[in-house]
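*Asks:* Prediction below, plus the sequence it came from.
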Amino acid sequence: MFQALKQLSAPTNKDLRVRIYFTLGVLALFIIGTYVQIPETRNVSLNSALGTLNSFTGGAMQKFSIFSLGVTPYITASIIIQLLQMDIIPYFSELKNEGPTGRQKINKITRYMGIIFAFIEGFVFAIAFLGSGKTTLDYMYVATVITAGTAFLLWLGDQITQKGIGNGISLIIMAGIIATLPSTFGTVFTELISKGTYDLWFGILMFVLFVIIYFVIVIGVIYMQEAERRIPIQYANKSTFGNNQSYMPIKINTAGVVPVIFASSLLTIPAVIAQFVNKQGFTDFVNNYLTYTKPVGFIIFVILIYFFAYFYTFIQLRPEELAKNLKENGGFIPGVHPGKETEDYISKVLSRLTIFGALFLAVIAAIPIIFSALTGLPQSVSIGGTSLLIVVGVALETYRQLEGSLVARNYKKGYSGRRR
């Protein structure tokens, strides 16, 4: 990492530093926007199940700001569109197989659907938070402002992806979570020490333990994100001796933090409905059974993580295409026949790795929940495990992209020097 920072400071990488400054500037603009409240509104109280959504938006929902929904409607739309590509609707399946052109059309449809969801959710929150004393035009006004905020964030995300470093949408989510982390630690400190729930020194010890748990989560995420299984590959025109052995690297957690983001987003839907319906019975049901800080909700959360881990892994790495490409390039896995047998072998390896990858995500998300349950800390603190998974995962992906850019530049520089 220090070597990459040293290379980044070189005069020849000025444009790369500009891209980083641009990314940081856009994220700072997002954080500032979370404090801009919608006119004639005030801070609102959220049910416990909406804590995840509030953390994704940098606390904007509780402030009822112009970025109250963040980019979560786009995430919901992404889930639906990706599910529709599984041969549910032939049109989306055909777009998926059209290559870059098809992906561009899918992205456009996803954004339009995200805007529609933003308006619907904005209208629901306007009714829930403003109460019944307003007119339909008042609700539509608030919904329009919130929708405009989400559309603006999607545009900012595109600008980061095109002119900055990393995936813009993921970085906006990460920035929102980081903005809420200080308040999370402040809440823990207050609950364990200031309020006198525990003896002073015992409270300090528990706070230190809480901080250590967060460091353990960070180390665990880094380890699992970098861990991979190498499948040996032999090419017909290459020798198996020396350094000619090739590998197909497959990460244990190929899907990254996407399953956690998708699972968390889906679990917020009942909470949104509960906030709109405003019936104590339904709200209690959601808080007791559809919140992953409770046993039943956590089981549902784990099931969703496993589903999206398998779903996203097999979308990213399609065994049939990998087997086909190997065969076309004269490659094969030692002891495995090319074609269908290779496809089955790769699918088997992916399935086994995904079991451990999804289990890791669930365990990391569970650690703060268990700690909070044992210490009696608020549910908002339990969200920290899932949030930290997303932050570290996105940071690693962004760093890898930055490192890849530096390697590519050094390669081009060395190649140009040899040509001279």
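*Replies:* That came in fine, so what should we check first?
*Asks:* Residue 300 and residue 270: what is the separation?
*Replies:* When distances are taken as C-beta to C-beta, to the nearest Å, residue 300 and residue 270 turn out to be 10 Å apart. Just so you know, the C-beta spots here come from the backbone N, C-alpha and C atoms, and that holds for glycine as well.
*Asks:* same thing with residue 295?
*Replies:* For residue 295 relative to residue 270 (C-beta to C-beta), the value is 16 Å.
*Asks:* Looking at those two, which one has more neighbours?
*Replies:* Neighbours of residue 295 and residue 270, each counted by other C-beta atoms under 10 Å, are more numerous for residue 270; the result is 19 against 12.
*Asks:* mean confidence for the host helix or strand of that one?
*Replies:* Using DSSP states H and E, residue 270 falls within helix 258-277. Averaged across helix 258-277, the pLDDT comes to 78.
*Asks:* tell me which residues in it are buried?
*Replies:* By neighbour count on 16 or more other C-beta atoms under 10 Å, the buried set for helix 258-277 is 258-272, 274-276.
*Asks:* Flag the shaky bits of the protein, pLDDT-wise.
*Replies:* In the prediction, the chain carries residues with pLDDT under 70 at positions 1-12, 43-52, 87-88, 194-199, 237-245, 375-386, 408-420.
*Asks:* now the strands: where do they sit in it?
*Replies:* In the chain, strands defined by DSSP state E lie at 228-235, 246-251, 331-332, listed in chain order.
*Asks:* What lies in contact with the first one?
*Replies:* With contact meaning C-beta atoms under 8 Å, 6 or more residues apart in numbering, strand 228-235 is reached by 240, 245-252, 326, 329-334, 346, 349, 353.
*Asks:* 10 Å - rerun?
*Replies:* By C-beta atoms under 10 Å, 6 or more residues apart in numbering, the list of residues contacting strand 228-235 from outside reads 240, 244-254, 322, 326, 329-336, 342, 345-346, 349-350, 352-353, 356.
*Asks:* tilt between it and strand 246-251?
*Replies:* Taking axes from the mean of the first three to the mean of the last three C-alpha atoms, to 10 degrees, one finds that strand 228-235 is oriented at 160 degrees with respect to strand 246-251.
*Asks:* From the chain's centroid, how far away is strand 228-235?
*Replies:* When C-alpha coordinates are averaged (C-alpha atoms, centre = their mean, to the nearest Å), strand 228-235 and its chain have centres 29 Å apart.
*Asks:* Show me what that strand pairs with in its sheet, parallel or antiparallel.
*Replies:* Strand 228-235 has the following sheet partners, assigned by DSSP bridges: strand 246-251 (antiparallel), strand 331-332 (antiparallel).
*Asks:* Quick one: residues contacting residue 147.
*Replies:* Each residue near residue 147 by C-beta under 10 Å, 6+ apart is listed here: 66, 69, 73, 114-123.
*Asks:* now it: how far from residue 55?
*Replies:* Residue 147 sits 21 Å away from residue 55, going by C-beta to C-beta.
*Asks:* measure the residue nearest to residue 405 when sequence neighbours are not counted to residue 39 for me?
*Replies:* In this structure, residue 405 finds its nearest non-sequential neighbour in residue 16, 6.1 Å apart by C-beta to C-beta, 6 or more residues apart in numbering. Taken as C-beta to C-beta, the spacing of residue 16 relative to residue 39 amounts to 40 Å.
*Asks:* Between those two, which is the more surrounded one?
*Replies:* Under the criterion of other C-beta under 10 Å, the comparison of residue 16 against residue 39 puts residue 16 first, with 17 against 9.
*Asks:* wait, what's in contact with residue 103?
*Replies:* Contact partners of residue 103, counting by C-beta under 10 Å, 6+ apart, are 95, 96.
*Asks:* For it, give its distance to residue 94.
*Replies:* Here residue 103 is placed at a distance of 12 Å from residue 94 (C-beta to C-beta).
*Asks:* same thing with residue 324?
*Replies:* When C-beta to C-beta is applied, the distance between residue 324 and residue 94 equals 19 Å.
*Asks:* Which positions in stretch 218-232 come out as buried?
*Replies:* Counting neighbours by 16+ other C-beta under 10 Å, the buried set in stretch 218-232 is 218, 220, 221, 224, 225, 231.
*Asks:* Actually, stretch 203-210.
*Replies:* By neighbour count, and taking 16+ other C-beta under 10 Å as the criterion, the buried residues in stretch 203-210 are 203, 206, 207, 210.
*Asks:* next one: stretch 297-304
*Replies:* In stretch 297-304, the ones that count as buried by 16+ other C-beta under 10 Å are 297, 298, 300, 301, 302, 304.
*Asks:* Tell me the one among those nearest to residue 361.
*Replies:* Using C-beta to C-beta, residue 302 is the member of these that lies nearest residue 361, at 8.7 Å.
*Asks:* That closest one and residue 358 touch, don't they?
*Replies:* Yes: using C-beta atoms under 10 Å, residue 302 makes contact with residue 358 at a distance of 8.0 Å.
*Asks:* More neighbours: which of residue 324 and residue 94?
*Replies:* Neighbours per residue, other C-beta under 10 Å: of residue 324 and residue 94, the larger number sits with residue 324, 15 against 11.
*Asks:* need the contact list for the more buried one.
*Replies:* Residue 324 sits next to 318, 338, 339, 342, 343 when contact means C-beta under 10 Å, 6+ apart.
*Asks:* Same list, these, but as a markdown table with neighbour count and distance to residue 389 please.
*Replies:* Formatted as a markdown table, these follow (neighbours: other C-beta atoms under 10 Å; distance: C-beta to C-beta, whole Å):
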| residue | neighbour count | distance to residue 389 |
| --- | --- | --- |
| 318 | 16 | 25 |
| 338 | 16 | 38 |
| 339 | 14 | 38 |
| 342 | 22 | 33 |
| 343 | 20 | 31 |
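*Asks:* Thanks a lot, catch you later.
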